[in-house]
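Student: Fold the stuff below for me.
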Amino acid sequence: MRRSGFAGGGIPRPVLPALAALLCFAVALLPGCEKIDRDMWDNPAFKAQEAPVRLPPEGSVPTKGTERIPAPAGARTLRNPVKATEWTLAQGKELFGIFCTPCHGETGAGDGPVAKKLVPTPVGLRSGSRAGALSDGELFLVLTSGTGGMPAFRADLSPEERWKIVSYLRTLK
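Tutor: This next block holds a predicted model:
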């Protein structure tokens, strides 16, 4: 014989869903449990090119390795074939503004609007800095082939345009 209702000491089937809902509601009211369902909703999101930057773990090795490839022996002796005139320096400044300013900043201090998102941050290009101590040929080679996180500009800039940027870099103090 089948028992039903309260006569058998069990809980009637129609009441089980209501009890389950009540139990869930009670758990949700416990202190600290309100975050259970909201973690994804309240998570801090950042727009593109917005801080903070996630730094690589300490001691990690970049995929390109840690060794810097030395410039070819002849790069140091290359001379700038573009004569630094008012016109070529103005063109170099314009090209610098288009291709270099986003990372290196308007003054070449390495503080451009994109710089804080890059790891490592771009180097300063002013005279007296490590990059400022490079020869014209070495700067031309960096513009041509890139280095570290800096992209190569050989496909975007003609050799003459790259030399004009090198001429302009020499004016940064």
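Student: which ones are touching Thr88?
Tutor: Thr88 makes contact with Val82, Lys164, Ser167, according to Cβ atoms under 8 Å, 6 or more residues apart in numbering. The way it works is simple: take the backbone N, C-alpha and C, and place the C-beta from them, glycine included.
Student: Take the residues you listed and lay them out in CSV including distance to Phe99 and pLDDT.
Tutor: Below are these laid out as CSV (distance: Cβ to Cβ, whole Å; pLDDT from 0 to 100):
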residue, distance to Phe99, pLDDT
Val82, 16, 94
Lys164, 11, 96
Ser167, 14, 95
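Student: Out of those, list just those in strands.
Tutor: Assignment to strands by DSSP state E places none of those there.
Student: what does stretch 114-128 rub up against?
Tutor: Contacts for stretch 114-128 (Cβ under 8 Å, 6+ apart): 49, 51, 53, 55-56, 100, 102-105, 107-110, 112, 129-132, 148-150, 169-170, 172-173.
Student: Can you tell me which of the contacts of Thr88 has the most neighbours?
Tutor: Within the contacts of Thr88, neighbour counts (other Cβ atoms under 10 Å) peak at Lys164, which reaches 25 neighbours.
Student: Contact partners for that one?
Tutor: Applying Cβ under 8 Å, 6+ apart, the residues contacting Lys164 are Val82, Thr88, Leu89, Gln91, Gly92, Leu95.
Student: Same question for Pro102.
Tutor: Pro102 makes contact with Gly112, Pro113, Val114 under the criterion Cβ under 8 Å, 6+ apart.
Student: Next, it: phi, psi?
Tutor: phi -50, psi -40 (degrees, to the nearest 10).
Student: Need the pLDDT of it.
Tutor: On the pLDDT scale, Pro102 is placed at 93.
Student: sorry, back to before: filter the contacts of stretch 114-128 down to the buried ones and hand me the PyMOL line.
Tutor: Buried residues within those, by 16 or more other Cβ atoms under 10 Å, are selected in PyMOL with:
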select buried, resi 100+103+104+105+108+109+110+112+131+132+150+169+170+172
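Student: Now, the contacts of stretch 114-128 that are in strands?
Tutor: Within the contacts of stretch 114-128, no residue falls in strands by DSSP E.
Student: Among the contacts of stretch 114-128, which are located in helices?
Tutor: Secondary structure from DSSP state H places Pro102, Cys103, His104, Leu169 of the contacts of stretch 114-128 in helices.
Student: and which of the contacts of Pro102 is nearest to Pro17?
Tutor: Among the contacts of Pro102, Val114 lies closest to Pro17 (Cβ to Cβ), at 55.3 Å.
Student: now do the same end-to-end measure for stretch 133-151.
Tutor: This stretch, stretch 133-151, spans 20 Å end to end (Cα to Cα, to the nearest Å).
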